[in-house]
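S.K.: okay, sequence plus prediction incoming.
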2 protein chains.
Amino acid sequence: MRASDRAYASLRDDIIAWHLPPGTVLAEVEQSQRLGISRTPLREALARLTTEGLVAAHPGRGVVVTHISLERMTDLFDVRIPLDCRAAELAAQAADRKVFQDLATGFQEAPQLITGEDPEQRAYYALVAELDTAIDAAANNAYLLQAQRQLRTHLVRVRRLAKDNPVRLLQSAGEHLQIACAIAQGNPDLAAAATRVHLHNSLQHLLSAEPAPNSEPTQHHGLTA
Amino acid sequence: MRASDRAYASLRDDIIAWHLPPGTVLAEVEQSQRLGISRTPLREALARLTTEGLVAAHPGRGVVVTHISLERMTDLFDVRIPLDCRAAELAAQAADRKVFQDLATGFQEAPQLITGEDPEQRAYYALVAELDTAIDAAANNAYLLQAQRQLRTHLVRVRRLAKDNPVRLLQSAGEHLQIACAIAQGNPDLAAAATRVHLHNSLQHLLSAEPAPNSEPTQHHGLTA
DNA sequence: TTGGGCGTTTCTGTATACAGAGGGCTGTTC
DNA sequence: GAACAGCCCTCTGTATACAGAAACGCCCAA
C-alpha cells in the first residue's frame, strides 16, 4: 500500500474518531513526521481529505479540520433521504432476498447487541453498516455509492455529537428491521417508505440532543463549494 | 492560482471537451511537460480527477481517461433524478421569485437561441446552466451542491455522445420553462414533478440515440468504487 | 516456430531541496 | 505607552533527484 494511502486512512480515522478535533491545524511537516513519511504523500492525503470536506485549506494558516455541527445535519439529511430511499427502491427490485432475510434476523436479535458495555455501540453500528453495504451491493450503482459514501463520512463523524441511548437504538433497530424486511419481500415502495421513516426519526433524535460541549459555534463549513 | 489548480482545470476541460478522448493514457512526464509544470502539481491534479471519476489509475499502465457510455446513463439518472427533484423542491420553498421569473422569460425566448449556427448550442446550454446555478443558490445546501457537481461533470461529458436536434432542444426549453415557473410560483411539488418529467425525457432522448462512433464498448467505469 | 527467461527501460512513488509569501515579533518613534 | 514599520522565521507550493517495480523486447532453447 502506498504511503499516501496510509496517511489518508490514518488521518481520516483520526478525524472521524475525534482524535483530531475540529479546528486542529494540520501542519505538513508536523504530520509528515508524526506519520513517518515525507511531505509529498502527506500532501496527497490532505488533498483527498479536502475534497471530502473533512479538512479545509485555510489560506495562510494551513489545513484545518473542519467544524461539524448539528445545525448542518438538516442539510445533510436533505440529500441523504432521497438517496437512501432510491437505493432502497433499487435494492428491493434487484436484491438477493436471502441476504436481506439474514439481515432482518440480525436486527431482530439486535437488542442483544445493544449492551451497556460499549459506549460506542460498535457491534450494533457494524450491523447497520452491513445493511448499508448490502443495499449498496444490491443497488449496484457506482454513482449512487460514491454520493452516499461522501455523506456517510460526515454522518459517522457527527455521531460523537449525538447522545445514543438504548431506547433510541432499540427503536432504530426496529426501523432497520422494517427496511430489511421490505427489501427481502421485494417491495420497493415499502422499502423507500421505511427508509424515510427511519431517517426522519434519526434526524429528529439528532436535533433533539442539546449541543454537546464539543459543538463549536457555526463556522465556515469547509466543503469546497 | 496554483499550478496544480491550473493543471486540474486544463485536464478537466480537455477531457470534457473530448480533446483527451476516453482511453487516453496520461503519462506524468508527458503531461507535465505539455502543461509546463513539474510532476508534483500534475500528480495532485490527476488525484483530483481520479476522485471525480474522470480518470482511473490503471495499475501498471498509468492514469487513463475513463470511458463513458450511454448504458451508464441509467445509473447516473437514478441518482440525478432524486437529487434534482429535491433541489427543485428546496428552491421553490426558498427562492427569490424574481430570479426565476427572469429565467422563465429567458426560456420563453429560448427558441431564438437554438440556432443552426452553433452545433454545440452553447447559448442554450449556458441558459440551462444559469437555471441550475440559480437552483443551487436557492437550495443553499453544500452537500447537495457537491453531489450534483459530480454528476454534472459526467453529464456534460456524455453530451458528445448524444445527438442534439432542434426538436428535442425546443421540447427541453419548454420543460425548463415549466420548472422555472413552478419555482417562481413557490410550488415545491410542481417543481419536483416538472423536474422529473424533464429528466425522464432527457434520459429517453439520450437512450434513443444509436451509439455514436466514439462510443466504446462497455468497460470498467473507473469510479473508484 | 513458439514459449520462457532475463535484461533493459520507462514509469510511478517518495524524499529532499529550493523559492516565495505570509505572519509574528521586536525595535523605534511619536 | 501605543502604533507602525521592518526584519526574521516558518510555512506552503514547486522542482528535481532517487529508488523500486513493472512491462516490453530480445534472445535462447525446445
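M.R.: Done, it's in.
S.K.: the most centrally placed residue in chain A: what's it in contact with?
M.R.: What sits nearest the mean C-alpha location of chain A, by CA atoms, centre = their mean, is A:Arg152, with 2.7 Å. Counting by CB atoms under 8 Å, 6 or more residues apart in numbering or on different chains, A:Arg152 makes contact with A:Asp132. To be clear about C-beta, it is placed using only N, CA and C from the backbone, and glycine gets the same treatment.
S.K.: A:Ala104 too?
M.R.: So A:Ala104 contacts A:Leu177, A:Ala180, A:Cys181, A:Ala184 (CB under 8 Å, 6+ apart).
S.K.: just checking, next helix/strand downstream of the worst-scoring helix or strand of chain A on mean pLDDT?
M.R.: Least confident element among the helices and strands of chain A, by mean pLDDT, DSSP states H and E: helix A:110-113 (a mean of 87). Once helix A:110-113 ends, the next helix or strand along the chain (criterion: DSSP states H and E) is helix A:122-139.
S.K.: helix B:142-158 and the following helix or strand past that following helix, what's the angle between them?
M.R.: Next in sequence after helix A:122-139, counting helices and strands by DSSP H and E, comes helix A:142-158. Counting by axes from the mean of the first three to the mean of the last three CA atoms, to 10 degrees, helix A:142-158 lies at 160 degrees to helix B:142-158.
S.K.: buried stuff in helix A:142-158?
M.R.: Judged by neighbour count using 16 or more other CB atoms under 10 Å in any protein chain shown, the buried positions of helix A:142-158 are A:142-148, A:150-151, A:153-155, A:157-158.
S.K.: low-confidence stretches in chain A?
M.R.: Along chain A, segments meeting pLDDT under 70 span A:210-225.
S.K.: ok, 90 please
M.R.: A:1-2, A:58-62, A:69-71, A:95-96, A:111-123, A:158-167, A:208-225 (pLDDT under 90).
S.K.: ok so, going back, contact partners of the least confident helix or strand of chain A?
M.R.: Applying CB under 8 Å, 6+ apart, the contact partners of helix A:110-113 are A:Gln121, A:Ala123, A:Tyr124, A:Leu127, A:Leu170, A:Ala173, A:His176, A:Leu177.
S.K.: try stretch A:75-90
M.R.: A:135-136, A:138-141, A:144, A:147-148, A:151, A:154-155, A:179, A:182-183, A:188-189, A:191-192, A:194-196, A:199-200, A:202-203, B:78-79, B:81-83, B:85-86, B:90, B:141-144, B:147.
S.K.: Three-state assignment for the residue lying closest to A:Trp18 once chain neighbours are set aside, please.
M.R.: Closest residue to A:Trp18 in three dimensions, ignoring its sequence neighbours and counting by CB to CB, 6 or more residues apart in numbering or on different chains: A:Arg160, at 5.2 Å. Assigned state for A:Arg160: coil (three-state reduction, DSSP: H, G, I helix; E, B strand; the rest coil).
S.K.: now for A:Arg160, how many residues are close by?
M.R.: 17 (other CB atoms under 10 Å in any protein chain shown).
S.K.: I figured it hits A:His19, correct?
M.R.: No - with contacts counted by CB atoms under 8 Å, A:Arg160 stays clear of A:His19, the gap being 10.9 Å.
S.K.: which residues do the two both contact?
M.R.: What both A:Arg160 and A:His19 touch, as defined by CB under 8 Å, 6+ apart, is an empty set.
S.K.: which residue would be the closest one in chain A to chain B?
M.R.: A:Pro82 (3.6 Å; CB to the nearest CB).
S.K.: how near is that residue to B:Ala88?
M.R.: 11 Å (CB to CB, to the nearest Å).
S.K.: of the two, who's got more company?
M.R.: Neighbours per residue, other CB under 10 Å: of A:Pro82 and B:Ala88, the larger number sits with B:Ala88, 29 against 24.
S.K.: now for the nearest residue to the more buried one once chain neighbours are set aside: which residues touch it?
M.R.: Using CB to CB, 6+ apart and skipping the chain neighbours, the partner closest in space to B:Ala88 is B:Ala191 (4.0 Å). Going by CB under 8 Å, 6+ apart, B:Ala191 touches B:Ala88, B:Glu89, B:Ala91, B:Ala92, B:Ile179, B:Ala182, B:Ile183.
S.K.: between those residues, which has the most around it?
M.R.: Counting neighbours by other CB under 10 Å, B:Ile183 leads those with 34 neighbours.
S.K.: which other helices and strands contact the host helix or strand of that residue?
M.R.: Of the helices and strands defined by DSSP H and E, B:Ile183 is found in helix B:166-184. Contacting helix B:166-184 under the criterion 3 or more CB pairs under 8 Å, 6 or more residues apart in numbering or on different chains; DSSP states H and E are the following elements: helix B:73-94, helix B:97-108, helix B:110-113, helix B:122-139, helix B:188-208.
S.K.: how close does A:Asp75 sit to DNA strand D?
M.R.: Distance, A:Asp75 to DNA strand D, by CB to the nearest atom of the strand, to the nearest Å: 27 Å.
S.K.: residues near that residue, how many?
M.R.: Neighbours of A:Asp75 (other CB under 10 Å): 19.
S.K.: grab the nearest non-local neighbour of A:Val99.
M.R.: With sequence-adjacent residues excluded and distances taken as CB to CB, 6+ apart, A:Val99 is closest to A:Ala134, at 5.4 Å.
S.K.: contact residues of chain A facing chain B?
M.R.: A:40, A:43-44, A:47-48, A:51, A:53, A:72, A:75-76, A:78-79, A:81-83, A:85-86, A:90, A:141-147, A:149-151, A:154, A:221, A:223-225 (CB under 8 Å from any CB of the partner chain).
S.K.: let me see the contact set for A:Val29.
M.R.: A:Arg39.
S.K.: that one: helix or strand, and which one exactly?
M.R.: Remark: A:Val29 resides in helix A:28-35, with elements defined by DSSP H and E.
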